[in-house]
Each structure stands twice: as C-alpha cells, then as structure tokens.
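A.B. asks: coordinates for the following, if possible.
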Amino acid sequence: MLKANFQGIKIEESAVGNIFNAPRYSEEIEEHILYDPSENYARRVVQQIEAETIEAREELLILRSHIFRKAVLEVYGKQCAVSGLKIESSKQTLLIDACHIVPFSQTTDDTIRNGIALSPTLHRAFDNGLIAIDNNYKILVHPKLKDYNPAAGIRQYEHKTLLLPAAEKFYPSLHRLEEHRIKFGYS
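C.D. replies: So this is what the prediction gives:
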C-alpha cells in the first residue's frame, strides 16, 4: 500500500480511501475546519469517521487533530489568546496549544470556532474549569482558585479581554463558551 507523509504524519492510502491525496485531502479538511458552520459539521464528520476501518479512523483523527492545531494557531497568530505569549525558536518550537472549547470527543466539532490558542498552563486551566470566557470574550477565573503568586498566576488575567482573531468569522463560538461555563458552574 502506498504511504504518504504529510507534515510528519504517516498515513496509508487505505486510511482515507483509494483516492487519497495527502496535501489535497488535508487542504479540504482545513477548509471545513475554518469555514463550515458547526450545525451539520459534526454529523458529517461522524459519518466520515464511521465509514473508515478502525486503523484508518485513528489515522484520520490524528490528521484532523494536526490540521485543527495548525488552523487555530494560524488564526491566532501563534499567540496565546489569554496571556499574549508568543515565542518561537530556531527549532520551530511553539509554546502555544490549540484548545477545544468543548472537547472533540463530546461534540465531534473541530471547527475553528470551537478552538482557542492557549499556552499549556492556561490550556490546562481552561480544560479544568479554572478559567472560562464570558459572552463579551472576557476571562473569568473560578472563585475557588487560590493564586499563591498573583504576579505570575492565573488571577492576573481575570476580566481581561481575550485576544481574538483578526477576522470575526473565526471568533470563538458563544454557544460553545456557554457550554463550557455551564459544565464548570459559572453563573
């Protein structure tokens, strides 16, 4: 079987059908992640995943995850939306993650509007409900969070406005942000 290597991801041709073309296929996925409305998107992604073999599903999910990360980092300028951290080194190391607002495993939604660029620490804080984002894109910090070093801690970002993508069509989904707040008990 023919194998493709797309940006460090090895994928067998059978992983996504006989007409697999890694660059074209990944560009198609990126277009969907960036521009598709999320209403029917999740249903279509589930159908696509279910149509594949078990091995192909895993490879497809890895490819989708890679493309989601790349797209989120691109629209946020490789900068943390909360802290503003933006560091690149000669080793091509980025210190920013692409964070799902509501996990892909729960929604099958890897559209750009279900993503935010965050530093690893703030990504973990968001995933654990220590921070959230309101409908005005302001940072909320959980009232039970104890910050022992305020100058270097998380509470310093409370009420700060999220650094948003240049294009409004890529702003985080208010619906997904509300789901996140409800999950973690923000009123």
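
A.B. asks: only C-alpha atoms for contact and neighbour calcs from this point on.
C.D. replies: Fine.

A.B. asks: for the protein, which segments count as helices?
C.D. replies: With DSSP state H as the criterion, the chain has helices at 22-35, 38-50, 54-75, 104-107, 120-127, 174-183.

A.B. asks: closest to Ser90 out of those?
C.D. replies: helix 54-75 (17.7 Å; C-alpha to C-alpha).

A.B. asks: tell me the buried residues in that closest one?
C.D. replies: For helix 54-75, burial by neighbour count (16 or more other C-alpha atoms under 10 Å) applies to 56-57, 59-60, 63-64, 66-69, 71-73, 75.

A.B. asks: just name the shakiest helix or strand of the chain by mean pLDDT.
C.D. replies: strand 3-6 (a mean of 40; mean pLDDT, DSSP states H and E).

A.B. asks: how many other residues sit next to the residue nearest to Glu179 when sequence neighbours are not counted?
C.D. replies: Excluding the flanking residues, the one nearest Glu179 by C-alpha to C-alpha, 6 or more residues apart in numbering is Val102, at 7.3 Å. Other residues within reach of Val102, judged by other C-alpha atoms under 10 Å, total 20.

A.B. asks: touching, Val102 and Leu174? I think so.
C.D. replies: No: if you go by C-alpha atoms under 8 Å, Val102 and Leu174 don't touch, sitting 11.5 Å apart.

A.B. asks: out of the helices of the chain, flag the one nearest Asp97.
C.D. replies: helix 120-127 (6.1 Å).

A.B. asks: quick one: average pLDDT of that closest one?
C.D. replies: The pLDDT scores in helix 120-127 average 98.

A.B. asks: ok, and what's touching it?
C.D. replies: 82, 95-97, 99, 101, 131-132, 154 (C-alpha atoms under 8 Å, 6 or more residues apart in numbering).

A.B. asks: can you list the buried residues in that helix?
C.D. replies: Result for helix 120-127 [16+ other C-alpha under 10 Å]: buried residues 122-123, 125-127.

A.B. asks: dump that helix to PDB, restricted to CA.
C.D. replies: Written as PDB, here are the backbone C-alpha positions of helix 120-127 (Å, rounded to 0.1, in the frame of the first residue of the first chain):
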ATOM      1  CA  PRO A 120      -0.100  24.900  28.000                       C
ATOM      2  CA  THR A 121      -0.700  26.200  31.600                       C
ATOM      3  CA  LEU A 122      -3.800  28.200  30.600                       C
ATOM      4  CA  HIS A 123      -5.000  25.300  28.400                       C
ATOM      5  CA  ARG A 124      -4.900  23.000  31.400                       C
ATOM      6  CA  ALA A 125      -6.700  25.700  33.500                       C
ATOM      7  CA  PHE A 126      -9.400  26.100  30.800                       C
ATOM      8  CA  ASP A 127      -9.800  22.300  30.500                       C
END
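
A.B. asks: tilt between it and helix 174-183?
C.D. replies: 80 degrees (axes from the mean of the first three to the mean of the last three C-alpha atoms, to 10 degrees).
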